[in-house]
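>>> what shape does this take:
(one chain, ligands or ions: 1)
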Amino acid sequence: MADKASFAVLVLNQISKAGLERLPAGRYLTGKDLAEPDAILVRSADMHSMAIPASVLAIGRAGAGTNNIPVQALNARGVPVFNTPGANANAVKELVLAGMLMAARRLGAAQHFVAQLDGADGLDKAIEEGKKPFAGFELANQTLGVIGLGKVGCLVADAAIKLGMHVLGYDPDITVDAAWSLPSQVQRAASVEDVLRNAQLVTLHVPLVEATRHLVNADRLRLMRADGVLLNFSREGVADDAAVVAALDARRLGAYVCDFPNRAILRHPQVIAFPHLGASTREAEENCARMVADQLRDFLEHGNIRNA
Ligand code: MLT
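Just a heads-up that it's a prediction; the model follows:
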């Protein structure tokens, strides 16, 4: 693409060394203070209000979602935006499983209870009496609704089936049959409403775009069971968090598990929230960094476009 002896890559977030090493030293200069970069590598930094230098030929996102990047405006300038779908999907799947188990067995509250026992007299008695509210339910034989059947959604569906759950799948954009790799046991749902009505646990795995903003809103929350569990590991905004809190307060929803804490939900006793940890494993960070570094290199050196 660019017939240059060396390239400058502005790195906006901490990106695993495993990826940066694939931009060969001597041929690439990486750092945060590069004035005229050829490319930008980013993880979660919000680039919408950033003045992106005219020298930039490509952007690489070490992650699947691109809602932190002004993709359309960049594409209109002829700048491709690369992302890494699937590279962190296993990490997200594992955290979704942890979230389901935490909700089903009330593990967060149970842990909090145990931590408070320090120094209590008669520890055995305090445990025996105090543990009563933490009796939970088993995931096996429950129905999990999976909305969004991309790489993460399909992995979650597969794992849930292996745990003995029934799975109801729906994707607003693709037919279920075209989904990436969906186990045959997944039942096809006709709509978002169908999933919300018929599943005890519902997990969201769609990107945040205009059509999916508040996909789960106040009206749709009314379709869920009063002991239902909603899980959002996609993006803040896919569920209307204010409506979720109202449903929890009115006891029309059992619990909300999400990877995007905000002030609306932070302190709610029926909320289990993580600090956007879905992709934060060593393995996922390395996979994403390698994949995006290869994409940028292939583009800058040869003009090839993969996953833009
Ligand atoms: C993703 O879009 O894949 C994640 O947001 C990646 C991340 O946690 O940075």
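>>> residue of the stretch 201-308 of the chain closest to the ligand, please.
Residue of the stretch 201-308 of the chain nearest the ligand, by Cβ to the nearest ligand atom: residue 279 (3.4 Å). No exception for glycine: its C-beta is placed from N, CA and C like everyone else's.
>>> so the closest residue to the ligand within the chain, which state does it fall into?
For the chain and the ligand, the shortest gap (Cβ to the nearest ligand atom) falls at residue 63, measuring 2.9 Å. Classification of residue 63 using DSSP: H, G, I helix; E, B strand; the rest coil returns coil.
>>> please apply the same query to residue 59.
Relying on three-state DSSP, one would call residue 59 strand.
>>> one step back: ok, now which ones touch the residue of the chain closest to the ligand?
43-44, 83-84, 88, 279, 288 (Cβ atoms under 8 Å, 6 or more residues apart in numbering).
>>> over to residue 69?
Per Cβ under 8 Å, 6+ apart, neighbours of residue 69: 42, 47-48, 59, 61, 81.
>>> where does the stretch 201-308 of the chain have low pLDDT?
Residues of the stretch 201-308 of the chain meeting the criterion pLDDT under 70: none.
>>> what segments of the stretch 151-300 of the chain are helices?
Using DSSP state H, counting those that start in this stretch, the helices of the stretch 151-300 of the chain run over 151-162, 192-198, 218-221, 241-249, 282-302.
>>> which helices and strands does the shortest one pack with?
In other words, helix 218-221. On a contact count with 3 or more Cβ pairs under 8 Å, 6 or more residues apart in numbering; DSSP states H and E, helix 218-221 meets helix 192-198, helix 241-249.
>>> the first one too?
For helix 151-162, the packing partners by 3+ Cβ pairs under 8 Å, 6+ apart come out as helix 89-105, strand 143-147, strand 166-170.
>>> care to break the protein down by domain?
Using automatic domain parsing, the domain parsing of the chain gives 7-84+282-302, 89-273.
>>> buried among the contacts of residue 63? Make that a PyMOL selection.
Only the buried members of the contacts of residue 63 enter the following PyMOL selection, criterion being 16 or more other Cβ atoms under 10 Å:
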select buried, resi 43+83+84+88+279+288
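>>> which residue packs closest to residue 136, ignoring adjacent ones?
residue 105 (4.0 Å; Cβ to Cβ, 6 or more residues apart in numbering).
>>> what's the burial count for that neighbour?
As a burial measure, residue 105 scores 16 neighbours (other Cβ atoms under 10 Å).
>>> ok, the one 10 residues further on next?
The number of residues packed near residue 115 is 8, by other Cβ under 10 Å.
>>> start and end of stretch 142-154, how far apart?
18 Å (Cα to Cα, to the nearest Å).
>>> ok, now stretch 35-52?
Start and end residues of stretch 35-52 are separated by 10 Å (Cα to Cα).
>>> who touches that stretch?
With contacts defined as Cβ under 8 Å, 6+ apart, stretch 35-52 is touched by 2, 4, 7-15, 19, 30, 53, 55-63, 68-70, 74, 79, 276, 288, 292-293, 296, 299-300.
>>> what's the mean pLDDT across that stretch?
For stretch 35-52, mean pLDDT rounds to 97.
>>> is it up against the ligand anywhere?
Yes: contact between stretch 35-52 and the ligand, assessed by Cβ under 6 Å from any ligand atom, occurs at 43-44.
>>> report the angle between the helix or strand encompassing residue 9 and helix 282-302.
Using DSSP states H and E, residue 9 maps to strand 7-11. Between strand 7-11 and helix 282-302, the angle comes out at 150 degrees (axes from the mean of the first three to the mean of the last three Cα atoms, to 10 degrees).
>>> averaged pLDDT, strand 7-11. What do you get?
On average, strand 7-11 scores 97.
>>> what of stretch 65-81?
97.
>>> may I see the buried residues of it?
Buried positions in stretch 65-81, judged by neighbour count with 16+ other Cβ under 10 Å: 65-66, 68-71, 74, 79-81.
>>> could I get those as CSV with secondary structure and distance to residue 284?
Below are the buried residues of stretch 65-81 laid out as CSV (DSSP: H, G, I helix; E, B strand; the rest coil; distance: Cβ to Cβ, whole Å):
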residue, secondary structure, distance to residue 284
65, coil, 13
66, coil, 17
68, coil, 17
69, coil, 19
70, coil, 25
71, helix, 22
74, helix, 25
79, coil, 26
80, coil, 23
81, strand, 20
